[in-house]
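Make a model of this:
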Amino acid sequence: MAYYSFKRTAVAGGLLFLGCLVAWVCIGVGMSGPGKCGSCASNIANNKFLTYYLCHKDYHSSCLSDWRDISKASDLDLLNRPGVVWYCPECVPQLQGYVHAPQLEKKVDKIEGDIGRLGDLLQESLAQTRSFAEVTAANINKASQEGERAVEISERIAEQMTRHHEKEEEADRRKNCIIYMLPETSRPDEFVADICPDLHFAYQNVMSVQRLGYKYRNRTAPRPLKVGFVCEVDRNDFIYRFNTWSQRGRMFAKADLSKAERDIEYKIRQQKRHFEEINSDKNIRYKIKGRKIMAVVNNENRFRQVDEVTGLPLESAALDIGGTATGDTGVTATDS
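Below you'll find the predicted structure:
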């Protein structure tokens, strides 16, 4: 009887312990899961709900005023997605306080002010850059114009100096003569001094004597000899006396000419040789008079002008060998 009573007591105690354990487990589960809805105060259970970020309150999605948007978010699986947070209407003012904090507003105002000042500085810098570019372009244009004027002036000066130098050279050449075919064995200064008495020419009017060019081993013709005089009159007198000297042999004297003048005379001599070749059977002798080719026909006592192409004498104009013109030639009879 006592044993039976003890058994019943033990069973009752076990059942009581089991009931307490179940209740504790239920309470623990309820505490770990969703609580009550912050709107309808009913249990959340397994319904669709939303937990707000700041206050940590749970709400049925159907209890919210914007539940349609919540439903769409739930359909898109945005309710509990990491990185997506939700705020209840009660937390919005608090959130605005976080966003519109006075210090943050001051910093934003400062940043905006700095940006404004930076914009002003940028505009000022752009204006200065444009002004500098305009001034630079104007200076470059002015420098270019001045440079062109300087080049033009330099060219004019160089041209004037060249003309002046050419005039000086021409003035000096008018006082010189060139003696050709003087043998290299003769000393130039002694030769001129020795022939002056024979020419009846005053040696004191001779200013300088020198050979022209370099002496080469294989050179056949002697180098020309340049003789300088006091004036052009003395030069012309010496040339006339030397070319009429009976002992000159192959030597002859000519005026000192520039290269351009020598080229002109060379062309005239070439043309004279050409006329002599094509008219060799016509008993015509050609002479160069004053840089013009003249002809003597059948040993007559006059020079005739010639056709520039054929070289044949012209009947319209002639000049007596003695110097009297029989036609309008304008050519002197002095041999060149």
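
mind checking how far the most centrally placed residue in the chain is from Ala138?
Centroid check for the chain by CA atoms, centre = their mean gives Ser144 as the closest residue, at 13.6 Å. Going from Ser144 to Ala138 by CB to CB, to the nearest Å gives 11 Å. For glycine as for every other residue, the C-beta is placed from the backbone atoms N, C-alpha and C.

Could the C-alpha coordinates of the host helix or strand of Lys226 be exported in PDB?
Using DSSP states H and E, Lys226 maps to strand 225-229. Written as PDB, here are the backbone C-alpha positions of strand 225-229 (Å, rounded to 0.1, in the frame of the first residue of the first chain):
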ATOM      1  CA  LEU A 225      99.500  89.600-115.000                       C
ATOM      2  CA  LYS A 226      97.500  92.400-113.400                       C
ATOM      3  CA  VAL A 227      99.000  95.900-113.500                       C
ATOM      4  CA  GLY A 228      97.400  98.700-111.400                       C
ATOM      5  CA  PHE A 229      97.700 102.400-112.300                       C
END
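
strand partners of it, parallel vs antiparallel please.
strand 176-180 (antiparallel), strand 206-211 (antiparallel) (DSSP bridges).

hmm, who's touching the longest one?
Going back to what we said before, that points to strand 206-211. 175, 188-189, 192-193, 196, 223-230 (CB atoms under 8 Å, 6 or more residues apart in numbering).

can you tell me the average pLDDT over it?
The average pLDDT within strand 206-211 is 93.

Buried ones in that strand, by neighbour count?
Neighbour-count burial for strand 206-211 flags Val206, Val209 (criterion: 16 or more other CB atoms under 10 Å).

just to revisit the earlier point, report the two of the contacts of strand 206-211 separated the most.
Maximum pairwise distance among the contacts of strand 206-211 (CB to CB): 24.3 Å, between Arg223 and Val230.

all strands in the stretch 51-200 of the chain, in order from the N-terminus.
58-60, 176-180 (DSSP state E, counting those that start in this stretch).

out of those strands, deepest packed?
strand 58-60 (a mean of 21; mean count of other CB atoms under 10 Å).
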